[in-house]
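**Q** The sequence and its predicted three-dimensional model are supplied below.
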Amino acid sequence: MTARRRGGALLAAVGLVVACTPITAATEGTAAPVNACPCSAYEQPGAVPQCNGGACVVAATFSDLVLAVSLSQDSYFAPGQTFVIPYSQLFGFQCAPTPCPCVAPECAELPPYGVVAGAYLVTPQMQQTLDWNLGNVGDNTALPVHVTYRPLWPQSGATATAPEALGLGLPVLPVDADVLVDRSASHPPGPNGGVSIYFEGYLQPADYECTMEPDPPFEAAFPPDVQRVTIAAGNQVDEEVLRTVDLTTRNPPSTTAMVPTFDLSRVEGLDGWTAYLRDMTSLRRISTVATLAGTKAHVSLPTNHHPSDGDAFTNAELVVQPPAGQPIPTGVFPPTPLSTGVVPMEESYLPLPAVARVFGNVAATDSAVEADLVFEALDIYTAGQQLPNAANYEYTGLATARVDDTGGSTYSITLPPGDYRLTIRPLDLAHALTILPFTLLPSDGTQVERDLSTEGPRSVQGSAVVSDGRPLSGATVVALPVACAEPGSTVCLPRGGQTTTQSDGSFSLSLDPGSYQLRIEPQDGTRFPWVVQPLLVGATPVTVPRVTVSAPVYAGLQLLDAYGNPIVAAVVRIYQVPAQAGASTAVEIGRAITDATGHYDMYLAPTSQ
């Protein structure tokens, strides 16, 4: 039995995959340290490193690991698609050939696609209810639609409250289904007796939020259909007949379906305004859009939103939106109280004090600073009230500060009075992204001069060593932005940074205040793992405690498609995802590329790091 096979048995015993090919050494002549036997010099907690194929590795277990496989554009199996699979499910698929050439745990198959097909059908009764004749007497009508499937995470039990996988940092994009036509007489016709319209999509087995949104002009009367679905391997039909549920109460439930209607008013008028319902979490629209006019409007907002409890108002709020480009806040009316899940059917957009033109210079101690400015309203003042309203208004103002003929970097913006979070994002790297409180009172007038200032970036110093004492030279150090210096926003995310460790393992970065993931990536071929740790940058310089890179766990694997063919030239990434969905973002801890046999090498840091 070879040394590599002995190491493979050790790693297989703790649930990780093993090498299918010998581990290769780093490029000759590299200045970076290389992971090579003997292993006696390594001093690290946990399992003692053992020699395996010429490299020092340890056996360890991991939890919450996720494998992401991005196939090349010329892949026969799934061109340009990314499969995201929990490690706990990685060996649960069976490829088509018998016997399958893939043997776990050295090899795994990607799951076969699930094929979905369906149509957005409107009944004659619903056409009458929504006052829109589709031209087919007595028949259901299939509407042209845009269908989007958004992957959720985790993929077990995601139909209830799981967030989108993309929002957690996993590399999975929404999938648009293809819209096709059927000319046979056995399927419901399209509008005015036209060809039947349906959709078809190819999705990896997972949980999704599916949105079917009618195309113009039908979206004016027929709402998006939004529901969470589970896609299994194989075929399934997803035909949606438009339906309504009780939208006013859940206790006791009403037996009469209804379309929600609202009485909206604004003293200054509603001409050009619109109203709709949206999901409070995703902020996506879940109803039709009604166009408003006059000072009072009576509107219907049909919705085909299907939360797990069956009440379309669950997690829904009413939005009353002004015409684009005007310095007027959007009105937002959530359920009152939130626990009831019921949006009041009568809402007034209260009068606001006069807007103000705000102007000034942006500078640092040494020079004028060109920057982009974002004013995010935290609350808005209403006319005659001493305290601002923090619940019912949204507004974001954008401005630019550029050097003019006077030599100053000037900006100008019109804002409604309120309290704002101001983000100053310099165009250069010599000045730091700055977050400032900004208050505009109704009593400030209509012409307000405010000069703004920025500071320099923060110094971040550190060093990295191998657990056998060698300095980790030539490694890439990446600061990945995670959160703003102040919570509650995403537009104020800090800018990332990157550098390389010196011959003594030291590194230096200049960063904006905020939260980061600090990732140390040893050179490719050195057979050392990435090390990822949190980094918080505040008002003062930061010295990072010395980062130690240990002997890794080997987690290479061969990948085949569902038909037994090797997955060639695919980018493979491994993420650590929190067990509690939404607790934090996914952390990429390793990356590789598959070869002509579908094999890749991967080295992961032991969890003790």
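**A** Received the coordinates, thanks.
**Q** I'd say residue 559 and residue 69 touch.
**A** Yes - with contact defined as CB atoms under 8 Å, residue 559 counts as touching residue 69 (6.4 Å). (Glycine included, C-beta is placed from N, CA and C.)
**Q** Need the residues touching each of these two.
**A** 110, 567, 570, 572 (CB atoms under 8 Å, 6 or more residues apart in numbering).
**Q** Pick the one among the residues you listed closest to residue 423.
**A** residue 572 (35.9 Å; CB to CB).
**Q** Now do the closest one against residue 589, distance only.
**A** 12 Å (CB to CB, to the nearest Å).
**Q** Likewise for residue 147?
**A** Where residue 589 is concerned, residue 147 sits at a distance of 34 Å (CB to CB).
**Q** now residue 81
**A** 22 Å.
**Q** now the stretch 101-250 of the chain, which segments are flagged as low pLDDT?
**A** 155-161, 238-250 (pLDDT under 70).
**Q** quick one, strands of it?
**A** Under the criterion DSSP state E, counting those that start in this stretch, the stretch 101-250 of the chain carries strands at the ranges 107-109, 114-118, 120-122, 141-143, 145-151, 175-176, 178-182, 196-203, 206-214, 225-231, 234-237, 240-241.
**Q** Which residue ranges make up each domain of this structure?
**A** Split into domains by automatic domain parsing, the chain comes to 114-232, 261-344, 356-445.
**Q** out of those domains, nearest to residue 56?
**A** domain 114-232 (30.6 Å).
**Q** which stretch of helix or strand covers the residue lying closest to residue 104 once chain neighbours are set aside?
**A** Nearest residue to residue 104 in three dimensions, chain neighbours excluded: residue 91, at 4.1 Å (CB to CB, 6 or more residues apart in numbering). Here residue 91 is covered by no helix or strand, with elements defined by DSSP states H and E.
**Q** From residue 564, how far off is residue 91?
**A** Applying CB to CB to residue 91 and residue 564 gives a distance of 15 Å.
**Q** can you check residue 190 too?
**A** 41 Å.
**Q** Show me which of these two is the more surrounded one.
**A** residue 190 (21 against 15; other CB atoms under 10 Å).
**Q** and that one, what is it in contact with?
**A** Applying CB under 8 Å, 6+ apart to residue 190 gives the contacts 141, 142, 143, 144, 181, 196, 197.
**Q** Tell me what the second one is bridged to.
**A** According to DSSP bridges, the residues that bridge with residue 142 are residue 121.
**Q** got a list of what it touches?
**A** By CB under 8 Å, 6+ apart, the contact list for residue 142 reads 119, 120, 121, 187, 188, 189, 190, 196, 197, 198.
**Q** so where is the protein shaky, pLDDT-wise?
**A** In the chain, residues with pLDDT under 70: 1-30, 155-161, 238-257, 310, 337-341, 579-584, 608-609.
**Q** Show me the helices in it, by range?
**A** 3-12, 124-129 (DSSP state H).
**Q** Could you pull out the buried residues of stretch 174-192?
**A** 175, 177, 179, 182, 187, 188, 189, 190, 191 (16 or more other CB atoms under 10 Å).
**Q** ignore the last one, stretch 488-503
**A** Buried residues in stretch 488-503, counted by 16+ other CB under 10 Å: 489, 492, 493, 494, 496, 497, 501.
**Q** Throw those into a markdown table and include distance to residue 98, thanks.
**A** Converted to a markdown table, the buried residues of stretch 488-503 look like this (distance: CB to CB, whole Å):
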| residue | distance to residue 98 |
| --- | --- |
| 489 | 55 |
| 492 | 56 |
| 493 | 50 |
| 494 | 53 |
| 496 | 48 |
| 497 | 52 |
| 501 | 50 |
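**Q** now, which of those residues lie within strands?
**A** Cross-referencing those against strands under DSSP state E gives residue 497.
**Q** what two of the buried residues of stretch 488-503 have the greatest distance between them?
**A** Taking CB to CB as the measure, the buried residues of stretch 488-503 span a maximum distance of 32.7 Å, between 489 and 501.
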